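>>> Okay, here's the prediction I keep looking at, along with the sequence it came from:
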Amino acid sequence: MTRTSIALFNNKGGVGKTTLTYHLAHMFRRLGLTVLAVDLDPQANLTSMCLDETEIEELWEGQSELIEQGAAWSVLPGTGRVRSGQTIADAVKPILEGTGDIAPVEPAELQPGLWLLAGSLDLSRFEDKLSNEWFKTFAGDIAAIRTTTAFHRVVEQAAAGVHADIVLIDVGPNLGAINRAALIAADTVLMPLAADLFSLKGLSNLGPTLRDWRRNWQQLVLPQVPAGFSAPRAEMRPLGYVIMQPEMRLDRPVKAYARWLERIPWVYSVAVLDEGVPPRGDARHCVATLRNYRSLMPLAHDARKPMFDLKAADGALGSTQKYVHTCYQEFRALAEGLLARTEGPPRS
């Protein structure tokens, strides 16, 4: 298949975006694809899900709290999966400091065919630089274009280096400069949603913003990019949305959930796709609805593996194993559905 990239984004936090990215990366690998997961969220939550604390300490060249508290030894040997100074923040550091262009970084191989371009809390320092350079790109400022395309070029080099079939990009829940640079580097955008007011409000803000970014980049910037310079097309084609079911609470009755659920197709069609009001009950843009796997998450966290890979030795006993199987079926169906929408047939 032709390499494609998917950014998972909703500017409302807490909808399970990083968890979804992590599990999709593993499921795409199960389907036979070579996967590059990219952590462009300055909170680095995807990195913390993929690596243990000793590896993160080695990667970030800093002392972890566990080691400072004496709960782990600082002399623990590395796993060999990571090397210090190999994060997305290290890649853009020369631009930030004005000493050069992007630096080469190596993704960490989590398992055969699954790679992570790790994040860092230091990435937040790049926000102001990106913000200041955005409008300069409209005038064809080459330094500004180099800065704004940094994520695209880092990811492009990393993906080519590991021969990735698919790139998954995890970004933070906001419409700031870091996310703008991350999203214009994406071919497609998948939107995880909760059926609530806050997700719908985020969706209504997201659609017009993506269109503005796409239009400005394609009409004002791309015509001024020098020949031979790698710049993204800023396609950001909406793939659809995934509904993340909540845990039902007494203060959040089922009727309220259903009411917001009915409004999602309307808001997505009008705000994101800039189309007319869809017919009632139209759910063609809903890629999947994922149930709440609250009981599996602690086991998966302790075992440091996806929920659908949990075994009896990990504590998934009895009826829990049936739940694990259901989880596997749902994520496989989601991954195959996404591949169909990106025009890449799934591999067995």
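Yep, it's here. Numbering: from 1, shown residues only.
>>> Can you pull out the low-pLDDT segments for the chain?
Scanning the chain for pLDDT under 70 picks out the ranges 1, 62-79, 246-256, 344-348.
>>> Which secondary structure elements does the lengthiest helix in it sit against?
Looking across the chain with DSSP state H, the single longest helix is helix 319-341. Here helix 319-341 touches helix 17-30, strand 237-244, strand 286-290, going by 3 or more C-beta pairs under 8 Å, 6 or more residues apart in numbering; DSSP states H and E. All C-beta atoms are positioned from the backbone trio N, CA, C, and that covers glycine.
>>> can you do 10 Å?
Contact here means 3 or more C-beta pairs under 10 Å, 6 or more residues apart in numbering; DSSP states H and E; on that basis helix 319-341 packs against strand 4-8, helix 17-30, strand 166-170, strand 188-193, strand 237-244, strand 286-290, helix 297-303.
>>> right, so these: which one is the most enclosed?
strand 166-170 (a mean of 27; mean count of other C-beta atoms under 10 Å).
>>> so how far is residue 38 from residue 154?
Separation of residue 154 from residue 38 (C-beta to C-beta, to the nearest Å) stands at 9 Å.
>>> Pull up the overlap in contacts between those two.
88, 117, 185 (C-beta atoms under 10 Å, 6 or more residues apart in numbering).
>>> Let me have the residues you listed in JSON lines, extended by distance to residue 221.
Listed next are the shared contacts of residue 154 and residue 38 as JSON lines, based on distance: C-beta to C-beta, whole Å:
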{"residue": "88", "distance to residue 221": "22"}
{"residue": "117", "distance to residue 221": "24"}
{"residue": "185", "distance to residue 221": "13"}
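>>> From these, pick the one nearest residue 24.
Checking the shared contacts of residue 154 and residue 38 against residue 24 with C-beta to C-beta, the nearest one is residue 117 at 15.4 Å.
>>> Could I get the contacting residues of that closest one?
Contacts of residue 117 by C-beta under 10 Å, 6+ apart are 36-40, 46-47, 86-88, 91, 105-108, 151, 154-155, 157-159, 162, 164, 167, 169.
>>> Now, the residues you listed that are in helices?
Counting by DSSP H, the contacts of residue 117 place 46-47, 88, 91, 151, 154-155, 157-159, 162 in helices.
>>> Assign residue 115 to helix, strand or coil.
Under DSSP: H, G, I helix; E, B strand; the rest coil, residue 115 falls in the strand class.
>>> Quickly list what it is bridged to.
residue 36, residue 109 (DSSP bridges).
>>> and it, what does it touch?
25, 29, 34-38, 50, 81, 106-109, 158-159, 161-164, 167.
>>> make it 8 Å
34-37, 107-109, 158, 162, 164 (C-beta atoms under 8 Å, 6 or more residues apart in numbering).
>>> do residue 149 as well
Residue 149 sits in contact with 181, 185, 229-232, where contact means C-beta under 8 Å, 6+ apart.
>>> same thing but at 7 Å, please
Remark: with contacts taken as C-beta atoms under 7 Å, 6 or more residues apart in numbering, residue 149 is in contact with 231-232.
>>> Torsion angles phi and psi at it?
Note on residue 149: its backbone torsions stand at phi -90, psi 10 [degrees, to the nearest 10].
>>> going forward, begin numbering at 48 instead of 1
Done: numbering now begins at 48, and the last item shifts to residue 196.
>>> That one and residue 148, how far apart?
For residue 196, the distance to residue 148 - C-beta to C-beta - is 10 Å.
>>> Isn't residue 138 up against residue 202?
No: Residue 138 is beyond contact range of residue 202, at 9.4 Å (criterion: C-beta atoms under 7 Å).
>>> Find the residues that touch each one of these two.
By C-beta under 7 Å, 6+ apart, no residue touches both residue 138 and residue 202.
>>> Quick one: residues contacting the most centrally placed residue in the chain.
Centroid-nearest residue in the chain, with C-alpha atoms, centre = their mean: residue 217, separated by 1.8 Å. Counting by C-beta under 7 Å, 6+ apart, residue 217 touches 55, 64-65, 68, 85-88, 93.
>>> Quick check: bridge partners of residue 215?
Applying DSSP bridges, one finds that residue 215 bridges with residue 53, residue 84.
>>> Pull the contacting residues for it.
Applying C-beta under 7 Å, 6+ apart to residue 215 gives the contacts 53, 55, 68, 71-72, 82, 84-85.
>>> want to try JSON lines for the helices and strands packed on helix 366-388, with distance to residue 390 as columns?
Output for these, formatted as JSON lines (distance: least, C-beta to C-beta, whole Å):
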{"stretch": "strand 51-55", "distance to residue 390": "8"}
{"stretch": "helix 64-77", "distance to residue 390": "15"}
{"stretch": "strand 213-217", "distance to residue 390": "12"}
{"stretch": "strand 235-240", "distance to residue 390": "10"}
{"stretch": "strand 284-291", "distance to residue 390": "11"}
{"stretch": "strand 333-337", "distance to residue 390": "14"}
{"stretch": "helix 344-350", "distance to residue 390": "31"}
